[in-house]
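Chemist: What shape does this take:
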Amino acid sequence: MFERGPTIRWTLAALGSILLLPAAARAHRAPGAVAAAAATAPAPPDTAGWNGQRVMALVGRAVEARRGAWADTSLHNFEATVEAHVYFLAGLGGEGASASGAPGGGAGAPEAGGEHMVRADQLALRVRWKAPDASLQTIVGRRSEKRLPTRIRYHIDHLSLVLGNFGGRIRIGEGSEVRDVLHPVAPGATSFYSYRLADSLGIRMPGRSTTVYRVEVRPRDPERPGVVGSVYLDGATGAVARMRFTFTPSAYRDPTVVAITVDLRSALHEGRWWLPAEQWVDIRRTASWLAFPLSGVIRTHLEVRDLRVNVPHMPDLPEGGKVVTLGPASLHRYGGWSDGLYDDAAASGLRGTVGPEEVRAEARRLVGADLLGGSGRLRPAVPDVSSVIRARRSEGLFLGIGARWRMDDVRAFEAHAGWPFEAGRPEWRLGYAGPLGGGRIDLEAYGNRFTDIGPFVAADGVVASAGFVAGGEDFTDPYFRTGARLAVTWPLAGGRLSAGVRAERQRRALLVALPPGDELVRPVRPIREGDLAAVELAWRRTFAGPPAGTFEARADLLGSTDAIGDFAFTRATAALEGRSGPALEPWGWDAEVGLAAVAGSPPPQALLLLGGRGTVPGYPFRAWGGDHAAFARLALSHDVVGSWVRLRAIGAAGWAGWGEAGAAAADAWRAGPAGVGIRESRGVRTSLGGGVGIADGLIRVEAVRGLDGGVWEWMVSVDPRLGKIL
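Modeler: Presented below is the predicted three-dimensional model:
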């Protein structure tokens, strides 16, 4: 039972107890080719397990086959037209993300928050290969666009096609990222790697049928540089039909590299030769010394558009291979593009085939709960900028610090602490996250956690601090929580469902800090102090949808009981955020819809606040509220200076009211000073306005007027994806 008051001794005991505790791929079908994915039902797994006689015989045949060119000496040469998309993205909410109290978060939590395009490149290549090992790749067309400032320069192998499945040794980033890792079916590989037969794919075509076997591979010693993943082998010839893998940590030579995943897919030509068809490579980097939820992602996708074999009169080619490019004028004149700069599935990362997360999950399964990421085990860690420095009227200046210790790739501890100089009570958090069955468990204890009544966020992090310093308004209605939470998360309906319990003491915040100058400061709303014992459910899903956009759906349910704590109420919230992808440029859109309701006997801090920034701008900040509320916001945008400056048109509508429960809870604020009391919206309130988006819309300056007795409101805000790390 949760002990009344701020003590959390039982939580520390719980922390200690926790410590004891065949994707069918799409391959481009060139004329006369059959993709490795054209498969029948998978065969049962190899019951002999690792290094059984059958799988070792198959791997041995593959090693011998690779001594020749694509396992068939009748292949003399080929030439191909290849189109490549190379995207550099900012990963928002990746390495370093941690819980902020929302169900499903936690130390070591999977990537969240999405990605933002920084630079896009599209290339056309003419590829020629000649036996035994000569090749020339010529970049004949290239176009690119920078959406944010960047000085990135790609390695040449980021822009070209992998030939011969890397040869005997694997190098990425011209050897600066991965160098000389032994190929899993190269000479000497059988003494270095372990193999297991996973399943098989039957392929039939006129005049030929064969079986492709998926062989799982891992180093015998996981501490050594090696490949972890799957190799697909033609049972008749031993040829490599596909490779899908990542690496052990010691394979990474660059300390900023967190993970590299590779997926090379071939197609069967004329029933004889497995030749390149499609190539995916994802490279994720982060700071080498700090765990922070911001990473750089290089995502490349190459497709062979046309391939011809044994071409007459093939000229001599450079031995060992070479990549060259035409001059800038010739690259610019190229007009043979088959799709647009942003039309590739890699632009959003929501491709329909196996992606990097699935590859890494498979690799972790193969080697156990081992450390596959390239960063260190113990590092300083911060979940967002505001956990390091912020300013609020109920705290004053706040400074914090944190650290993360990764036990392995799926289990981690985090600790964060900070001091609010005016409030005088330290904020702290201890957290653990790790696997549990097919899901994940999160356990955390926390003290004096700054919390906004909300529940709809009005201003993120740095924006709230800037608002307080500049004008005395931090766009929050705060209170503090001390307690503990346990949650389990698992996949459901294409998203993640989290179920948990929470027990905590809720304490009111006071107005303890004033900004520089003589600005009037909005009073802090009082809350009903007491103990909360609750069960919570949360569901999250990100998905693609028309037109050319992505959506994030969220639903939360919290139910408390006064049999243990002081409160008995239920609160449900749901939200849907959507935004267009870059494929719609120069037009764009972003939208948000929020719904919430409260039942039972809620305290004031469980009410729903609406109006002004964050919901329906153009009205007094959070002047409406009650036990049911809804709002919607839509913005349309159009580029005027590339993606650097865009015009925005904004419309919003909202409604809030109360029944008996909400009216009783709102009594605590009705008699308070101006800026504290709330009222019903008395129908749907609307607003319209416009503004500009700067730096691909990451920063927004807008003016909006309420149409139903409202006022003009000027706002500076940030893209919600960026706000998650602020």
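Chemist: I'd like the mean pLDDT over stretch 273-284, please.
Modeler: For stretch 273-284, mean pLDDT is 92.
Chemist: ugh, wrong one, I meant stretch 662-678
Modeler: 79.
Chemist: Format the CA atom coordinates belonging to it as PDB.
Modeler: Backbone C-alpha positions of stretch 662-678 (Å, rounded to 0.1, in the frame of the first residue of the first chain) are rendered in PDB as follows:
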ATOM      1  CA  GLY A 662     -16.500  19.800 -13.200                       C
ATOM      2  CA  ALA A 663     -18.500  22.600 -11.600                       C
ATOM      3  CA  ALA A 664     -17.600  21.400  -8.100                       C
ATOM      4  CA  ALA A 665     -13.900  21.100  -8.900                       C
ATOM      5  CA  ALA A 666     -13.900  24.600 -10.600                       C
ATOM      6  CA  ASP A 667     -15.200  26.200  -7.400                       C
ATOM      7  CA  ALA A 668     -11.700  26.200  -6.100                       C
ATOM      8  CA  TRP A 669     -10.800  28.700  -8.800                       C
ATOM      9  CA  ARG A 670     -14.000  30.700  -9.200                       C
ATOM     10  CA  ALA A 671     -13.300  33.100  -6.300                       C
ATOM     11  CA  GLY A 672      -9.600  33.400  -7.000                       C
ATOM     12  CA  PRO A 673      -7.800  36.500  -8.500                       C
ATOM     13  CA  ALA A 674      -8.000  37.400 -12.200                       C
ATOM     14  CA  GLY A 675      -6.300  34.700 -14.300                       C
ATOM     15  CA  VAL A 676      -7.200  31.900 -12.000                       C
ATOM     16  CA  GLY A 677     -10.900  31.300 -12.400                       C
ATOM     17  CA  ILE A 678     -12.400  29.500 -15.400                       C
END
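Chemist: how about it: buried residues?
Modeler: Of all the residues in stretch 662-678, those buried under the rule 16 or more other CB atoms under 10 Å are 662, 665-666, 668-669, 675-678. Every residue, glycine included, has its C-beta placed from N, CA and C.
Chemist: quick one: the nearest residue to Ile401 once chain neighbours are set aside and Gly402, what's the gap?
Modeler: Spatial nearest neighbour of Ile401, chain neighbours left out: Ala417 (6.6 Å); criterion: CB to CB, 6 or more residues apart in numbering. Distance, Ala417 to Gly402, using CB to CB, to the nearest Å: 7 Å.
Chemist: Pick out whichever of these two has more residues nearby.
Modeler: Between Ala417 and Gly402, Gly402 has the larger neighbour count (other CB atoms under 10 Å), namely 25 against 16.
Chemist: Just list the residues touching that one, thanks.
Modeler: 380-383, 387, 414-417 (CB atoms under 8 Å, 6 or more residues apart in numbering).
Chemist: same thing with Gly114?
Modeler: 92-93, 542, 550, 552, 721.
Chemist: Kindly indicate which of those residues lies nearest Gly49.
Modeler: Proximity of the contacts of Gly114 to Gly49 was ranked by CB to CB; the top entry is Thr542 with 36.6 Å.
Chemist: Report how many residues lie close to the closest one.
Modeler: If you count neighbours by other CB under 10 Å, Thr542 ends up with 19.
Chemist: Please identify the helix or strand for it.
Modeler: strand 530-545 (DSSP states H and E).
Chemist: quick one: buried residues of that strand?
Modeler: Across strand 530-545, burial judged by 16+ other CB under 10 Å covers 530-534, 536-542.
Chemist: in the chain, which spans are helices?
Modeler: 9-20, 53-65, 328-333, 356-367, 461-471, 660-670, 720-723 (DSSP state H).
Chemist: out of those, which comes closest to Arg142?
Modeler: Once these are compared by CB to CB, helix 328-333 is nearest, at 4.4 Å.
Chemist: just checking, what packs against that closest one?
Modeler: Secondary-structure packing of helix 328-333 (3 or more CB pairs under 8 Å, 6 or more residues apart in numbering; DSSP states H and E): strand 134-146.
Chemist: then the strand it packs on to CSV, C-alphas only?
Modeler: The C-alpha coordinates for strand 134-146 follow below in CSV (Å, rounded to 0.1, in the frame of the first residue of the first chain):
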residue,chain,number,x,y,z
ALA,A,134,36.3,-4.7,-62.3
SER,A,135,33.6,-2.0,-62.2
LEU,A,136,32.8,1.6,-62.9
GLN,A,137,29.9,3.6,-61.4
THR,A,138,29.3,6.9,-63.0
ILE,A,139,27.0,9.5,-61.3
VAL,A,140,25.2,11.0,-64.3
GLY,A,141,22.5,13.0,-62.6
ARG,A,142,22.1,14.7,-59.2
ARG,A,143,19.7,17.1,-57.5
SER,A,144,19.5,18.1,-53.9
GLU,A,145,17.9,20.5,-51.5
LYS,A,146,18.9,21.7,-48.0
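Chemist: Using neighbour counts, pick out the buried residues of that strand.
Modeler: Judged by neighbour count (16+ other CB under 10 Å), strand 134-146 contains these buried residues: 134-137, 139-142, 146.
Chemist: Check the offset of it from the chain's centre.
Modeler: Distance, stretch centre to chain centre, for strand 134-146: 29 Å (CA atoms, centre = their mean, to the nearest Å).
Chemist: before we move on, what about stretch 335-346?
Modeler: 23 Å.
Chemist: Walking through the stretch 601-726 of the chain, point out its strands one by one.
Modeler: Listed in chain order, the strands of the stretch 601-726 of the chain (DSSP state E, counting those that start in this stretch) span 608-610, 624-626, 628-641, 645-657, 685-694, 699-706, 712-718.
Chemist: next one: the stretch 351-500 of the chain
Modeler: So, for the stretch 351-500 of the chain - with DSSP E, counting those that start in this stretch - the strands run 378-380, 389-392, 396-406, 412-420, 427-436, 439-452, 478-492, 495-508.
Chemist: will you turn the strands of the stretch 601-726 of the chain into CSV that also has mean pLDDT, mean neighbour count and distance to Leu595?
Modeler: Below are those laid out as CSV (pLDDT from 0 to 100; neighbours: other CB atoms under 10 Å; distance: least, CB to CB, whole Å):
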stretch, mean pLDDT, mean neighbour count, distance to Leu595
strand 608-610, 95, 28, 10
strand 624-626, 92, 27, 13
strand 628-641, 94, 19, 5
strand 645-657, 95, 20, 10
strand 685-694, 96, 20, 16
strand 699-706, 96, 18, 21
strand 712-718, 94, 17, 22
